[in-house]
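Participant: structure of the sequence below:
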Amino acid sequence: MTTSETAPATEPATGTPGPPAAPGAPGTPAAPAVRASRDLAARARAVLPAAAYEFYAAGADEEISAGEAADAWRDRRLLPRVLRDVSSVDTGTELLGTRLASPVLAGPTAFHRMAHDEGETATAAGVAAAGSLLVLSSRATRHPEEVAAAAGPWWYQVYWLRDAEITRRQVERAVAAGARALVLTVDAPYVPPRATSGLPLPLPEDDELCRAVGVGTRLPGWEQDPSLGLDAIGRLHRMSGLPVLVKGVLRADDARACVAAGAAGVIVSNHGGRQLDRAVAPAEALPAVVAAVGDRVPVLVDGGVRTGTDVLVALALGARAVLLGRPVVWSLALGGAAGVTALLDSYRTQLSTAMALAGCARVADIGPDLLHGGA
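Facilitator: You can find the predicted model right below:
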């Protein structure tokens, strides 16, 4: 039987409905063909320009960390509960005051116009239609105002740049456009070589924004500031008035320090294996970070989450939500905004089924006792 035939009844999404999804690019497959699966990258590779696929897929150095992330979730085994009432399953959750249809968010990824002509505006529309939340990259190829017009709730990802005035202008613009939180990415003081052929990226050469954020056309002031310290968290909060989450944390001591410095949340991430190769997989780092932070702030995680069962494992390890990186780009390439919606809907359906089979009717029911061997 198919997932749709066996999935339990799911309560309606409790988040505020977003605008309707924009149509995908001409000639792309119908959105229902896009779903959470481990073959999504191979399917997207068939429709993307070679340089675009290489950029999105590449990891650092030997790509060890990039390859290990998904396996680390798959290595966990579950101890399902039985004889629980799972006739109705609710995947809804609340995050920093925003109610969402499921604890699956679209994380920050760069240069969406390489995957689809409408770029981040299509992504935003697709995420909103699924009742989810978008974290807009500061390397986006659409302006925040354009994205905000199509989006539901959204956060803005920040690199603190060598030219701090550029950072200030970016943040002020995002705040004015309606961002609800900022995500400070801290694991990329430098960008290491990545496994690509060096082909030029298919970004519009006549677009000012694409030139500003593009690889090879970016001015030195647009590069990350490698001298950044913990005080940046408070500075960013004072600058914006918004909660600041810190992304790229893998150590318990760093997590404690970020919270002490004012972070409203911590995101466990190794940057998709694109920064320091051989960095530990997020699934392995997550339990120690959760133990260090406790209930003071939400802990989120990204990296290698490919199915709804992966999401269940992440929640059992203590994450409040997961962020998707590459899968969102792959679904955008395959189906435009409708493809992004179908992807997120499929994660929610798969999570609902996994929750029911594990004996969990609500996200709050998920705990470390579901994991064989514990967290």
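Participant: so what's Gly241 closest to, chain neighbours aside?
Facilitator: Distance criterion C-beta to C-beta, 6 or more residues apart in numbering; nearest residue to Gly241, sequence neighbours excluded, is Val175 at 7.1 Å. In short, each C-beta sits where N, CA and C put it, glycine included.
Participant: burial of that neighbour, as a residue count?
Facilitator: 17 (other C-beta atoms under 10 Å).
Participant: can you verify my assumption that it contacts Ser240?
Facilitator: Yes: assessed by C-beta atoms under 8 Å, Val175 is found in contact with Ser240 at 5.2 Å.
Participant: one step back: in three-state terms, label the residue nearest to Gly241 for me.
Facilitator: Val175 falls in the helix class when you classify it by DSSP: H, G, I helix; E, B strand; the rest coil.
Participant: now for it: which residues touch it?
Facilitator: Applying C-beta atoms under 8 Å, 6 or more residues apart in numbering to Val175 gives the contacts Tyr156, Ser240, Gly241, Leu242.
Participant: select from those the one having the most neighbours.
Facilitator: Highest neighbour count within these: Tyr156, with 28 neighbours (other C-beta under 10 Å).
Participant: for Ala115, state which of the contacts of Val175 is nearest.
Facilitator: Tyr156 (19.9 Å; C-beta to C-beta).
Participant: list the beta-bridge partners for that closest one.
Facilitator: Applying DSSP bridges to Tyr156 yields these beta-bridge partners: Leu136, Leu182.
Participant: so which of the contacts of Val175 are in helices?
Facilitator: Ser240 (DSSP state H).
Participant: I'd like the contacts of Val175 laid out as TSV, including pLDDT and distance to Asp71.
Facilitator: TSV is the format used below for these (pLDDT from 0 to 100; distance: C-beta to C-beta, whole Å):
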residue	pLDDT	distance to Asp71
Tyr156	98	31
Ser240	98	37
Gly241	98	41
Leu242	98	35
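Participant: quick one: which of the contacts of Val175 is nearest Tyr190?
Facilitator: Tyr156 (22.3 Å).
Participant: for Glu94, give its distance to Leu203.
Facilitator: From Glu94 across to Leu203, the span is 37 Å (C-beta to C-beta, to the nearest Å).
Participant: these two - which one has more neighbours?
Facilitator: Using other C-beta under 10 Å as the criterion, Glu94 and Leu203 rank with Leu203 on top: 22 against 15.
Participant: in the stretch 251-375 of the chain, which spans are helices?
Facilitator: 252-260, 282-293, 308-316, 326-358 (DSSP state H, counting those that start in this stretch).
Participant: of all those helices, which lies closest to Gly126?
Facilitator: With C-beta to C-beta, the closest approach to Gly126 among the helices of the stretch 251-375 of the chain belongs to helix 326-358: 2.8 Å.
Participant: relative to helix 308-316, how tilted is the closest one?
Facilitator: Angle between the axes of helix 326-358 and helix 308-316 is 80 degrees (criterion: axes from the mean of the first three to the mean of the last three C-alpha atoms, to 10 degrees).
Participant: what about helix 326-358, distance to the chain center?
Facilitator: With C-alpha atoms, centre = their mean, to the nearest Å as the basis, helix 326-358 stands 12 Å off its chain's centre.
Participant: equivalent analysis for stretch 351-364, please.
Facilitator: With C-alpha atoms, centre = their mean, you get 22 Å for stretch 351-364.
Participant: and stretch 125-140, by the same measure?
Facilitator: How far stretch 125-140 lies from its chain's middle: 9 Å, per C-alpha atoms, centre = their mean.
Participant: and stretch 286-296, by the same measure?
Facilitator: Using C-alpha atoms, centre = their mean, the offset of stretch 286-296 from its chain centre is 19 Å.
Participant: OK, contacts around Leu300?
Facilitator: Leu300 makes contact with Leu105, Leu245, Gly265, Val266, Ile267, Val268, Ala319, Arg320, Ala321, Val322, Leu323, according to C-beta under 8 Å, 6+ apart.
Participant: tell me which helix or strand Ala72 sits in.
Facilitator: Using DSSP states H and E, Ala72 maps to helix 64-74.
Participant: for that helix, which positions count as buried?
Facilitator: For helix 64-74, a neighbour-count test (16 or more other C-beta atoms under 10 Å) marks Ser65, Ala66, Glu68, Ala69, Ala70, Ala72, Trp73 as buried.
Participant: swap in stretch 238-248?
Facilitator: Buried, per 16+ other C-beta under 10 Å, within stretch 238-248: Met239, Ser240, Leu242, Pro243, Val244, Leu245, Val246, Lys247, Gly248.
Participant: quick check: end-to-end length of that stretch?
Facilitator: 21 Å (C-alpha to C-alpha, to the nearest Å).
Participant: quick one, helices of the stretch 101-250 of the chain?
Facilitator: 119-129, 144-150, 164-177, 208-213, 231-240.
Participant: just want the angle from the longest one to helix 231-240.
Facilitator: Spelled out, it's helix 164-177. Going by the same axes, to 10 degrees, helix 164-177 makes 50 degrees with helix 231-240.
Participant: now do the buried residues in helix 164-177.
Facilitator: Ile166, Thr167, Gln170, Val171, Ala174, Val175, Ala177.
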